[in-house]
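Undergrad: Sequence first, then the predicted structure, then my questions.
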Amino acid sequence: MLKLNNINTCYDDVQALFDVSLDVREGDIVSIVGSNGAGKSTLLNTISGILRCSSGTIEFLGKRTESLPPHQIVEQGIIQVPEGRHIFPRMTVLENLELGAYTRKARGRKKENLDIVFELLPALKERKNQLAGTLSGGERQMLAVARGVMSIPKLLMFDEPSLGLAPKLVKQVFEIAKEINKKGITVLLVEQNIFHSLSISNKGYVLENGKIVLEGKGKELLNNKHVRKAYLGI
């Protein structure tokens, strides 16, 4: 579904990604894990078109996307749930969700998608008329995820979804990612929580200092000596 070939991305004169290559198969959950500052968010922003790669290619469903503007990449079906729970606090939960359905395809299926979202996250249905700014941190994260689902993604990319959440909510976030995947949506997950993310992933990549240093099946990487020592403290 998604194929990156030798991607290099820079912030002015500072290079952040170095020859990154990876692939995501349709229907899979794929994790990109690593420490803070490894380049994980930069990678997602490059796929989304928010940042431009200086060299390399990105293919989505056989079509080159690295030169497309972000709104056209969204139209292709690549949706990013941003880090930091960026919702519109002075709008209601329902209004935030409706904004997720702004693409031509999604607008025609808004009611159907709302039903799907409320089935996945019934707490949002109970709060649909509540101002988003009054939600708890965990509820805001769920709203950001649900807004992404409203866009009818083919590939849904999560950027640090568990960041700053209580342990109980962290587990819930990953369960929601699994449920979304069961509905036929491919998931690309960027996370510092390596244990949880690799546990649910078909495939994983370890990103260090802007470079892919390891790749393999999620559970195999959990047993890798380097991963266990560097990230799990084992």
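TA: Happy to help now that I have it. These numbers come from a predicted model, not from an experiment.
Undergrad: any low-confidence regions in this structure?
TA: The model of the chain has pLDDT under 70 over residues 234.
Undergrad: where along it do the helices fall?
TA: For the chain, helices defined by DSSP state H occupy the ranges 40-48, 70-76, 93-100, 104-107, 110-120, 122-126, 137-149, 167-182, 194-199, 218-222, 225-230.
Undergrad: Figure out which of the ones you listed is closest to residue 188.
TA: Proximity to residue 188, assessed across those by CB to CB, is greatest for helix 40-48 (7.5 Å). To be clear about C-beta, it is placed using only N, CA and C from the backbone, and glycine gets the same treatment.
Undergrad: Just the C-alphas of that closest one, formatted as PDB.
TA: In PDB, the C-alpha atoms belonging to helix 40-48 read as follows (Å, rounded to 0.1, in the frame of the first residue of the first chain):
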ATOM      1  CA  LYS A  40       9.300   9.600  13.900                       C
ATOM      2  CA  SER A  41       7.000  12.600  13.700                       C
ATOM      3  CA  THR A  42       9.200  14.000  10.900                       C
ATOM      4  CA  LEU A  43       8.600  10.800   9.000                       C
ATOM      5  CA  LEU A  44       4.800  11.000   9.300                       C
ATOM      6  CA  ASN A  45       4.800  14.700   8.400                       C
ATOM      7  CA  THR A  46       6.900  13.800   5.300                       C
ATOM      8  CA  ILE A  47       4.400  11.200   4.300                       C
ATOM      9  CA  SER A  48       1.500  13.700   4.800                       C
END
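Undergrad: Packing partners of it?
TA: strand 2-11, strand 14-24, strand 29-33, strand 53-60, helix 70-76, strand 78-81, strand 155-159, strand 186-191 (3 or more CB pairs under 8 Å, 6 or more residues apart in numbering; DSSP states H and E).
Undergrad: possible to save these as TSV with mean neighbour count?
TA: Conversion of the helices and strands packed on helix 40-48 to TSV gives the following (neighbours: other CB atoms under 10 Å):
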stretch	mean neighbour count
strand 2-11	17
strand 14-24	17
strand 29-33	27
strand 53-60	17
helix 70-76	15
strand 78-81	25
strand 155-159	24
strand 186-191	26
